[in-house]
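> Turn this into a structure:
(chains A and B)
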There are 2 protein chains.
Amino acid sequence: MTRNRITPVEAYEPPYYAAVFTTVRTQGPSGYGETDARMEELVKDIPGYLGMDHTQTPGGLGIAVGYFRDADALTEWRTNAEHEHRVAQKRGQAQWYESCTPHVAKVERSHGFVRARDPRSPTAG
Amino acid sequence: MTRNRITPVEAYEPPYYAAVFTTVRTQGPSGYGETDARMEELVKDIPGYLGMDHTQTPGGLGIAVGYFRDADALTEWRTNAEHEHRVAQKRGQAQWYESCTPHVAKVERSHGFVRARDPRSPTAG
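Numbering: from 1, shown residues only, chains lettered A, B, ... in the order given. Model (predicted):
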């Protein structure tokens, strides 16, 4: 994936849903990048999926946040993801995380700003 | 700040609040680390503050998530933070972000798991 500009998921008009995953990776095992890509592949065709942001501090914490228009979209994604997770576990591939803490939340308020030189206008909610 | 082990904020029993900030930093200006520290200082004494996680992909996105027991705690923190932000702007110090997208959300569902060698027990909600 190449992107010239860092473009986080924009603020949408509330309510919408955010699924926050705070992760600590285990040391060593490979194949992690593929899983990340697979996760994005699983989610992108779900109606109501708004986008996903993820960050990773080297040697530290990772946070991924998926955004969904409504609870149904989130449920569909969760069902897919859980199925995939079970498959990965059977294959012994679910070794990448030391811990994973999900917080599923309904966004009640949001607003965004972008600096003037960015042509996009701010989204208010 | 030293910590030997990466310990993200745990899952709490819902409902509670999460304030997600997705940030893109500007290039160059210094003083950023101090602001991060100041932000944590501002928040830690607020009753109902549960914790904060932040991550930063080098050269990429940053995500910070603050957790609060209730809407009052979140409001108090937001008032403090906005005041501080205005002071920083007056001093011309609010230059660290290219963009900042906040999503304030009520956590409806959470659960966490930690691997067996971690002595903490999972928190279910």
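
> all strands for chain A, in order.
A:16-25, A:49-56, A:61-68, A:97-110, A:113-114 (DSSP state E).

> ok, the residue in chain A positioned nearest to chain B to A:H54 distance?
Residue nearest to chain B within chain A: A:A105 (3.4 Å; C-beta to the nearest C-beta). For the C-beta atoms, the positions are set from N, CA and C on the backbone; glycine is no exception. For A:A105, the distance to A:H54 equals 17 Å [C-beta to C-beta, to the nearest Å].

> Next: A:R25.
A:R25 is 12 Å from A:H54, by C-beta to C-beta.

> which residues are in contact with both of those two?
Residues within reach of A:R25 and of A:H54 at once, by C-beta atoms under 8 Å, 6 or more residues apart in numbering or on different chains, are A:G62.

> More neighbours: A:A105 and A:H54, which one.
A:A105 (28 against 19; other C-beta atoms under 10 Å in any protein chain shown).

> how about A:G62, what does it touch?
For A:G62, the contact set (C-beta under 8 Å, 6+ apart) comprises A:22-25, A:54-56, B:55.

> what residues does the longest helix anywhere in chain A touch?
Of all segments of type helix in chain A, defined using DSSP state H, the longest is helix A:71-90. Helix A:71-90 is contacted from outside by A:17, A:19, A:35, A:38-39, A:42-43, A:46-49, A:66, A:68, A:94, A:104, using C-beta under 8 Å, 6+ apart.

> roughly how far is it from the heart of the chain?
Offset of helix A:71-90 from its chain centre (C-alpha atoms, centre = their mean, to the nearest Å): 13 Å.

> picking that back up, which residue sits closest to the residue of chain A closest to chain B in space, ignoring its chain neighbours?
B:A105 (3.4 Å; C-beta to C-beta, 6 or more residues apart in numbering or on different chains).

> Kindly report the same for A:V9.
A:G51 (3.6 Å).

> so A:R109 makes contact with A:P14?
Yes: A:R109 is within contact range of A:P14, at 6.0 Å (criterion: C-beta atoms under 8 Å).

> low-scoring stretches of chain A, by residue?
A:1-4, A:28-36, A:89, A:91-95, A:112-125 (pLDDT under 70).

> For A:Y97, give the beta-bridge partners.
A:R25 (DSSP bridges).

> Could you pull up the contacting residues of it?
Here A:Y97 is in contact with A:23-26 (C-beta under 8 Å, 6+ apart).

> picking up where we left off before, ok, and which of the strands of chain A has the densest surroundings?
Scoring the strands of chain A by mean neighbour count under mean count of other C-beta atoms under 10 Å in any protein chain shown gives strand A:61-68 as the most buried, with a mean of 24.

> That strand relative to strand B:97-110, how many degrees between them?
Computed by axes from the mean of the first three to the mean of the last three C-alpha atoms, to 10 degrees, the angle separating strand A:61-68 from strand B:97-110 equals 80 degrees.
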